[in-house]
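>>> Dropping the sequence and predicted coords here.
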Amino acid sequence: MPRDVPDDRRPPPRAERPPAARLITPRGAALRLHLTMLFAAQCQVPPGRGWHAPFPLEPAEAGRLSWMGLTAVHAVTDDGRGSRTPSPGNKRRQLAEALRKLADTRLVELPRAGSRSWHQEPHLLHESGTGTAAAPMPYRVPWPHEDTVRVPVAFFTRGWVHLLTPSETVSYLMWLDTAARNAPEQRYVPGYERAGAYGLGRDAYESHRALEAFGLVEVDRPEGREPGGRFDFRHATSRGRALCHRVTPLPEALDRPAPEAVRQVLHRVRALNDWSRPLEARTG
């Protein structure tokens, strides 16, 4: 059940939001790293089994798996002459900060905390973040019948997990959850549910425009709803309520390589300030 919120334009205090919404930060990599950990766990062990995220932050030797190798972040160095090169040190700092954020949110445990190697081999904890320092809840891969958000494999293998912003990612997870629970005509999220159940403010909710431009969702806009979100109540329901957008995820769109799809849209936005979906991403 959604928690009560005094103003659906604002999410609850950060500490009271669901874990995914707590990980929304402008340039942070914590959400991306956490989702990558969950995917890695489910690739390696069967349902019901635990997984301690046995990879180090950075590899001790060439060819070994590490979170630096499995997670993409924007980490470049500008030489002052217009040339940018990858910066491993910058990437390491960002992912180390992401690990600290996950530890603060009770999503990972750092068994080497306090040592110089504190960031090596974090232990993955339950995705609810409900454990405590004294009694951490280890992660285990869920069974198919458990109440979870089912994320298509292509979201990870085609690079979308690395290129969507945290707000876009959490909004996409919200729409996946809504689609799985409701018939097509009921795939909408009222403001009180968006803020109270998913911990998203209106600014994060508006990221459906980017998801639509990338071709990942289809948006059915009701009559009376303006592009900026305002509603003309002459088109309200018989009970005087505003109508919401209905949003349907398009899983097959994830099969496209994310870098190419995202780059095309962002070039359009930069040039035209237009979030409309490119012709190549349209399904109808």
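Here it is on my side, so go on.
>>> what residue is smack in the middle of this protein?
residue 169 (2.7 Å; C-alpha atoms, centre = their mean).
>>> contacting residues for it?
By C-beta atoms under 8 Å, 6 or more residues apart in numbering, the contact list for residue 169 reads 20, 31, 32, 35, 161. To be clear about C-beta, it is placed using only N, CA and C from the backbone, and glycine gets the same treatment.
>>> could you redo the last one with a cut-off of 6 Å?
Shown in contact with residue 169 (C-beta atoms under 6 Å, 6 or more residues apart in numbering): residue 31.
>>> low-scoring pLDDT stretches of the stretch 51-200 of the chain, where are they?
77-85 (pLDDT under 70).
>>> if you set the cut-off to 80 instead, what comes out?
Across the stretch 51-200 of the chain, the ranges flagged by pLDDT under 80 are 60-63, 75-86, 112-121, 133, 184-185, 188, 190-191.
>>> As a check, name the ranges of all strands in it.
Assigned by DSSP state E, counting those that start in this stretch, the strands in the stretch 51-200 of the chain fall at 76-78, 84-86, 108-109, 123-124.
>>> what comes into contact with stretch 138-152?
Outside stretch 138-152, the residues touching it (C-beta under 6 Å, 6+ apart) are 41-42, 45, 47, 49-50, 124-126, 173, 176-177, 251, 254.
>>> at 7 Å what do you get?
41-42, 45-51, 124-127, 173, 176-177, 180, 251, 254 (C-beta atoms under 7 Å, 6 or more residues apart in numbering).
>>> returning to that earlier point: look up how far residue 35 lies from the residue nearest to the centre of the chain.
7 Å (C-beta to C-beta, to the nearest Å).
>>> quick revisit: are any of the contacts of stretch 138-152 buried, and if so which?
41, 42, 51, 124, 125, 126, 127, 173, 176, 177, 254 (16 or more other C-beta atoms under 10 Å).
>>> For the fourth one, list each beta-bridge partner.
Note on residue 124: beta-bridge partners residue 108, judged by DSSP bridges.
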